[in-house]
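# got a sequence here, can you build the structure:
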Amino acid sequence: MGKKNRSKKSGGGENDKSNRFRKDLMSMAANLVHMCMMNHNPKEEWEFFINVHAAVEMFRKKQKQGQLVSARSKKTLSASSVDRSETMKTFLDWLHENGATYSSKIELKQVSQAEGFGFVAVENVEERETLTRVPDKVILKFSHAHNSYLGELIKEQEMLKRMPNVSLALFLHCEKYNKDSFFKPYLDILPSEFNTTLYFTPAELKYLRGSATLGTAIQQYKAIVRQFGMLYQILNCSSSLPQYEDIYKCVKLIPQAAIEAFDFDAYRWGVSVVTTRQNKLPHHCEGGDDCGSSTNLALVPLWDMFNHSVGNMTTEYMEETKTVECVAMQDFKKDAQVTICYGSRPNYELLVHNGFVMTDNPHDKVKIPFGISPRDPLYEQRVQLLSKFDIQASSYFTIGCNQPVASSLIAFLRIFHMDADTLDTWLHADADQLVLLPQVVASQSKLDEAMWSFLQNRINLLIRGIEKVVESSRLESSPTTRARLSVDVRVEEMRLLRQLTSFCQSQLDQAVAGQQAE
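Residues are numbered from 1 along each chain as shown. Here you go, the predicted model:
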């Protein structure tokens, strides 16, 4: 009797321990959501990131300690974590069997450590030659998630219903644990991790401090952590609580191995697959599809193996054949990498969402903050005049390769430097006169001299700050690839800022020369 009682007590203890562990994780997930729902002061964004990142790392450590992944799901995960080159033949055979084709003049192979797989010309390729044709059958879409075991949960949860990217990221994870998945050859060829900023540690992200790119990266991290926390609570809800009864019924349709393996690493992987590969295709409503949208978020196997370079976008969805067809955007010589254009995207978008940085990107932009202090004696008048141009008292202004100084920044800087009389004059100006204020003109006024001098000094301060960042990075004995990407984006920002200082100097010279001539 004594032994039996001890046995029962031991079993009860294990159950209690497991329940406490599960409750701890649910509480930690709820805390992640709470942290990321709160607004934070932009001036304190680094401290905010450090705190959220630490909370995520604590959750990851806690979850791994608990060994929640079952022996079966561990085996599945291990089987899917193989060298991509080993799955290439299976992937290409799957594509061929389902009607996808690519030109005999190009070959899919590892092109470099940084770029991974890509297409290389084995013969000269001429502009407008067809490169790939990918049929609708192998394109992985949001509608697949909507019509799958996730469908009921998507209908039940507003976040999944309104955010196809979240549903698609979750579906990708779940399909890895669906032994009958049609898309298994595609899932196996995908990278196991990425260089999107979701993977950056504080030590790798610190080089972005002082750049608006940091804010973009942190906002994305914040959104993904919040989504993860909400999804974790949904997938691990208890059937014993009445408020979760309907959700629990939906969750039970999902492969159990996928639920057990769902952690932050799994979700950021799914998100990164989507952000690096997503496209919008026409939405053809078929049995059960939600026809509330005219487009369908999609991943296009084979075509998404092309790397990016500057050029024209030459991919089109062909309604007649229901295929995504891509033609060469230019001539490519034998042995050259064959690339496509992802679009006119600045480096801060390419880094955050795609995980790479382009040198001399002609579409690059830099965001610079400017603001008017509420303590300014003419604050109300300045804000009133700014409102006529839909400009806020504090805002980021974009500087790009093709437009050194945006018209909105010109208007802001002129208003920032106006005295009381000049402000009053412009506040009473008619519409025809107001259109002149944001224009870059060869002005001879002291106002413009002060404006261009101020902007040049501000830009020079930013350049010196970036130079210090680059110099500090050189002191690192062996910087990681991601740390180097952070530094690369700063170097490209500095290139743009130096172009702007030259532009400011030319405008300043004209303003001073005009006044001297008078």
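# need the nearest residue in space to the residue nearest the centre of the chain, chain neighbours excluded.
Per C-alpha atoms, centre = their mean, the C-alpha nearest to the average position across the chain is that of His353, at 2.8 Å. Closest residue in space to His353, ignoring its immediate chain neighbours: Thr275 at 4.5 Å, by C-beta to C-beta, 6 or more residues apart in numbering. In short, each C-beta sits where N, CA and C put it, glycine included.
# any buried residues in stretch 192-200, and which?
194-200 (16 or more other C-beta atoms under 10 Å).
# which single one of the residues you listed is nearest to Thr130?
Phe194 (29.3 Å; C-beta to C-beta).
# excluding sequence neighbours, find me the nearest residue to that closest one.
Ser272 is the one closest to Phe194 (C-beta to C-beta, 6+ apart), at 4.0 Å.
# let me know the helix or strand that the one you found is in.
helix 264-277 (DSSP states H and E).
# so after that helix, what's the next helix or strand?
Criterion used, DSSP H and E; the element after helix 264-277 is strand 279-282.
# output that following strand as CSV, restricted to C-alpha atoms.
Taking C-alpha atoms only, strand 279-282 is exported to CSV below (Å, rounded to 0.1, in the frame of the first residue of the first chain):
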residue,chain,number,x,y,z
ASN,A,279,3.8,37.9,-54.4
LYS,A,280,0.2,38.7,-55.1
LEU,A,281,-1.6,36.7,-57.8
PRO,A,282,-5.2,37.0,-59.0
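# partners of the next helix or strand after that strand, with directions?
On the C-terminal side of strand 279-282, the nearest following helix or strand under DSSP H and E is strand 295-299. With DSSP bridges as the test, strand 295-299 is paired with strand 140-141 (antiparallel), strand 279-282 (antiparallel).
# and those strands as TSV, adding distance to Leu299?
Listed next are the strands paired with strand 295-299 as TSV, based on distance: least, C-beta to C-beta, whole Å:
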stretch	distance to Leu299
strand 140-141	4
strand 279-282	7
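# among those strands, which is nearest Leu150?
The nearest among the strands paired with strand 295-299, by C-beta to C-beta, is strand 140-141 at 12.7 Å.
# average pLDDT across that closest one?
The average pLDDT for strand 140-141 rounds to 96.
# and the contacts of it?
168, 172, 183, 186, 281, 296-299, 301 (C-beta atoms under 8 Å, 6 or more residues apart in numbering).
# okay, now the unreliable bits of the stretch 51-200 of the chain?
Residues of the stretch 51-200 of the chain meeting the criterion pLDDT under 70: 67-82.
# and the helices in it?
71-80, 88-97, 142-146, 151-156, 158-162, 164-176, 184-189 (DSSP state H, counting those that start in this stretch).
# among these, which is nearest Met35?
helix 158-162 (17.2 Å).
# show me the shaky parts of the stretch 251-400 of the chain.
If you take pLDDT under 70 as the line, the stretch 251-400 of the chain has these spans: 283-294.
# let me see the ranges of the strands in it.
279-282, 295-299, 315-318, 323-327, 337-338, 365-371, 394-400 (DSSP state E, counting those that start in this stretch).
# reformat those strands as JSON lines; add mean neighbour count and distance to Thr132.
What follows is these, written out as JSON lines (neighbours: other C-beta atoms under 10 Å; distance: least, C-beta to C-beta, whole Å):
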{"stretch": "strand 279-282", "mean neighbour count": "16", "distance to Thr132": "13"}
{"stretch": "strand 295-299", "mean neighbour count": "20", "distance to Thr132": "14"}
{"stretch": "strand 315-318", "mean neighbour count": "15", "distance to Thr132": "9"}
{"stretch": "strand 323-327", "mean neighbour count": "21", "distance to Thr132": "5"}
{"stretch": "strand 337-338", "mean neighbour count": "22", "distance to Thr132": "10"}
{"stretch": "strand 365-371", "mean neighbour count": "18", "distance to Thr132": "30"}
{"stretch": "strand 394-400", "mean neighbour count": "17", "distance to Thr132": "32"}
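# hmm, back to that, columns mean neighbour count and distance to Thr398 on top of the helices of the stretch 51-200 of the chain, output as a markdown table?
Shown next, in a markdown table, are these (neighbours: other C-beta under 10 Å; distance: least, C-beta to C-beta, whole Å):
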| stretch | mean neighbour count | distance to Thr398 |
| --- | --- | --- |
| helix 71-80 | 14 | 41 |
| helix 88-97 | 15 | 40 |
| helix 142-146 | 24 | 31 |
| helix 151-156 | 19 | 36 |
| helix 158-162 | 15 | 28 |
| helix 164-176 | 25 | 25 |
| helix 184-189 | 21 | 37 |
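# no more questions from me, cheers.
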